[in-house]
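A.B. asks: here's my sequence, what's the structure:
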Amino acid sequence: MFVEETIFGEITMATIKKYNLAGLNANVELGKQGSYITGSANVVGFYANGGALAKLEIANATVASEAVTKAQLDDVAGDLLQHITVDVDYDSGSANVANIASGSRIFSVTVDIPSAWTAPNNTGTYIEVGDSDNGSRYIRAGDADVLRVGQYHSQYQYEYTSAGVLSYNVTQGTASAGSATISIVLASDSVTVTDYGSINASQNSNSDLGNIS
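C.D. replies: This next block holds a predicted model:
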């Protein structure tokens with residue numbers, strides 16, 4: 001395609017440059033050798049020069065119809081409760097479970113014994129759950145009776161003022177078989193907990209519940 005151009009009274013021929021702005025198919029090229037957008041019925045992709053998938057940068061959302069950024073999502077996720085579980089055997093020994101950030105609060109720790117362990121007593125074989133500062137902060141030796149099936153629950157709550165590491169310790173003793181599941185519920189940021197009081201006294205019998213001494 002040509003156009004006439006007048007320079008100092010003379011007529012010359014100038015060529016209009018083509019930048020390959022295509023719009024007849026799924027791909028739209030932004031510049032002769034630049035980024036491009038590709039789309040299909042299910043997805044739209046933004047690619048840098050060379051074919052690498054590029055990140056799409058957006059501002060923080062201010063209304064409900066706008067997309068949120070990673071920073072906004074991380075801020076919300078920090079307030080969510082997390083559930084950590086780990087399976088242990090009678091000879092698992094000691095190990096770290098998870099790293100926790102400053103401000104994290106442990107809400108509950110449960111040790112589930114699915115079947116009685118093979119051990120002559122419960123004094124030399126036990127499970128402890130705690131952290132790097134106190135290895136039995138939540139479950140102490142003997143709290144979970146490995147010789148009886150059940151769920152042993154600790155309601156002790158602890159909020160970390162500095163980062164820490166959750167851990168467990170399985171003391172084998174004379175055990176030759178057995179397994180357990182340790183479950184930990186925590187919040188990654190400060191969460192308000194309402195105290196609704198507690199039961200101060202109980203009766204010896206109840207027609208609905210049976211003995212609850």
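A.B. asks: residue contacts, residue 148?
C.D. replies: 113, 116 (C-beta atoms under 8 Å, 6 or more residues apart in numbering). For the C-beta atoms, the positions are set from N, CA and C on the backbone; glycine is no exception.
A.B. asks: could you verify that it is part of a strand?
C.D. replies: No. The assignment for residue 148, made by DSSP: H, G, I helix; E, B strand; the rest coil, is coil rather than a strand.
A.B. asks: residue 108: what's it in contact with?
C.D. replies: Residue 108 is in contact with 153, 154, 155, 157, 183, 184, 185, counting by C-beta under 8 Å, 6+ apart.
A.B. asks: again, but for residue 95
C.D. replies: Counted by C-beta under 8 Å, 6+ apart, residue 95 has contacts 167, 168.
A.B. asks: could you look up the SS state of it?
C.D. replies: Once three-state DSSP is applied, residue 95 turns out strand.
A.B. asks: can you give me the distance of it to residue 89?
C.D. replies: 11 Å (C-beta to C-beta, to the nearest Å).
A.B. asks: okay, now residue 137: neighbour count?
C.D. replies: 20 (other C-beta atoms under 10 Å).
A.B. asks: contacting residues for the most centrally placed residue in the chain?
C.D. replies: Residue closest to the average C-alpha location in the chain (C-alpha atoms, centre = their mean): residue 82, at 6.4 Å. The contact partners of residue 82, by C-beta under 8 Å, 6+ apart, come to 185, 186, 187, 188.
A.B. asks: compare those residues and tell me which is most surrounded.
C.D. replies: Result: residue 186 is most packed of the contacts of residue 82 (other C-beta under 10 Å), 22 neighbours.
A.B. asks: can you tell me which residues contact that one?
C.D. replies: Residue 186 sits next to 81, 82, 84, 100, 104, 105, 106, 107 when contact means C-beta under 8 Å, 6+ apart.
A.B. asks: poorly predicted segments of this structure, please.
C.D. replies: Under the criterion pLDDT under 70, the flagged ranges of the chain are 1-34, 76-79, 189-213.
A.B. asks: now with 50?
C.D. replies: Within the chain, the ranges that satisfy pLDDT under 50 run 1, 23, 211-213.
A.B. asks: domain boundaries for it, per the record?
C.D. replies: Per the record, the chain has its domains at 1-56, 81-187, by automatic domain parsing.
A.B. asks: distance to residue 68 added to those domains, as TSV?
C.D. replies: What follows is these, written out as TSV (distance: least, C-beta to C-beta, whole Å):
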stretch	distance to residue 68
domain 1-56	13
domain 81-187	20
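A.B. asks: can you check which of those domains gets nearest to residue 70?
C.D. replies: With C-beta to C-beta as the criterion, residue 70 lies closest to domain 1-56 of the domains of the chain, at 9.7 Å.
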